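# here's a sequence, model it:
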Amino acid sequence: VLANLNLYNKNDNIINNAGILLFGKKPQDFCPQASITFSIFNSEEVSSEPFIRQQVMGSIFSLIENSINLIKQHAPPVSRIEGLKRIDVYPYPYEVLREVIINAIVHRDYFISSEITIRLFKNRIEISNPGEVPHGIDFEKLIAGENNLSVRRNPIIADVLDFAGYMDQSGYGFIKILTAFQSQGFPKPEFPKIQGSFKAIIYAGNTVSGVSKTKELDYPKGVVIILKRIIDSGTKGVSNQELVKESGYTTVYVSN
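The predicted structure is shown next:
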C-alpha cells in the first residue's frame, strides 16, 4: 500500500518524508517543524502571553483531527431553548475550518523551520503556515476566489489526503472554502499578504442570531403535549385537569 501511494521505495527499503509525516508514530522526531502551535488569547490582540498554549503533535491525520477538536473544545456552540426546541448557535463553521487547516498542512513549506500556528482570540481565529502561495498562483485571484489552478507544493501528501477523502484536487478547494463561509452566513475571512507565510483570519459569527442548528428536545410524547399546551396558553394559563385530560398522565404526575 505504501509503495502504491509513492511513500515507500521497495528497492532501497526506504520510507520517504511524506510517509513519515502521514503514518509515522512520532514524525516530529524526524521533522520537528511538522507540528502545530495552538494558542488561546483572552483578548482580541496579542497583548500578553496566551493563557493556553499547546503543541499539537503526531501524524498529519492526527494534526487535522486534534486541531479541529481543540477549536470545538475552546469555541463551542452556544445553546438556548426556544419553546420545545434547542437552538445551537455556532461561532465558527467547524468543517470549513477543517478545510483551512488541511490546506495549511498540504501547502506549507516543510523546508522552513517553523510550525503552523493556530491562534484563537475572542473574536477570531488566525491560521498561519510557513511558505507563501506556490509559484504559478496569482495571490490576488486566489483570495478573490477566481483561481482554479491546482499547484501543489507537496503533491504526495496531497494525493494521499485526496485518496482518503480529506481534500479536493480539482483546484476548487479554496473557492469552496470562500463559498462555504458566505453560504453559512459567516463574515468574509481575510487573507493578508505576508512575506514568507500564508495567513487566514476567520471571524466569529454572531452567537445571538448567527448560524444555528435546531433540535427537538427529547421529551416523552405526553410531556411534549403538556409543555406545548402551557406555552400556547400564554398568560391565560391552563388547569391541571385539562393537562391530565390531554396528556393521559395522572393528576399527581402533572402537578409535579
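# can you pull out the helices in the stretch 101-250 of the chain?
For the stretch 101-250 of the chain, applying DSSP state H, counting those that start in this stretch gives helices covering 139-143, 155-163, 173-183, 221-233, 240-247.
# how about the third one: buried residues?
By that I understand helix 173-183. Across helix 173-183, burial judged by 16 or more other C-beta atoms under 10 Å covers 173-175, 177-178, 181. The way it works is simple: take the backbone N, C-alpha and C, and place the C-beta from them, glycine included.
# quick one on the thing from earlier: out of the helices of the stretch 101-250 of the chain, which gets nearest to Ala204?
helix 173-183 (11.9 Å; C-beta to C-beta).
# now the helices of the stretch 101-250 of the chain in TSV, with distance to Tyr94?
Formatted as TSV, the helices of the stretch 101-250 of the chain follow (distance: least, C-beta to C-beta, whole Å):
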stretch	distance to Tyr94
helix 139-143	22
helix 155-163	18
helix 173-183	11
helix 221-233	30
helix 240-247	39
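# out of these, nearest to Val56?
Nearest to Val56, of all the helices of the stretch 101-250 of the chain, is helix 155-163, at 16.9 Å by C-beta to C-beta.
# can you pull out the low-pLDDT segments for this structure?
By pLDDT under 70, the low-scoring segments of the chain are 83-84, 147-150, 168-173, 206-219, 235, 254, 256.
# centre-most residue in it?
The centre of the chain sits closest to Tyr94, judged by C-alpha atoms, centre = their mean, with a distance of 2.9 Å.
# how close does that one sit to Arg119?
17 Å (C-beta to C-beta, to the nearest Å).
# distance check, the residue nearest to the centre of the chain against Ile125.
Distance from Tyr94 to Ile125, by C-beta to C-beta: 11 Å.
# what is in contact with these two at once?
Taking C-beta atoms under 8 Å, 6 or more residues apart in numbering as the contact rule, Tyr94 and Ile125 both touch Ile71.
# what sits against Ala104?
Neighbouring residues of Ala104 by C-beta under 8 Å, 6+ apart: 116, 127-129, 198, 200.
# any idea how many residues pack against the nearest residue to Gly136 once chain neighbours are set aside?
Setting aside the residues directly before and after it, Gly136 is nearest to Val151 in space (C-beta to C-beta, 6 or more residues apart in numbering), at 4.8 Å. Val151 sits with 14 neighbouring residues when counted by other C-beta atoms under 10 Å.
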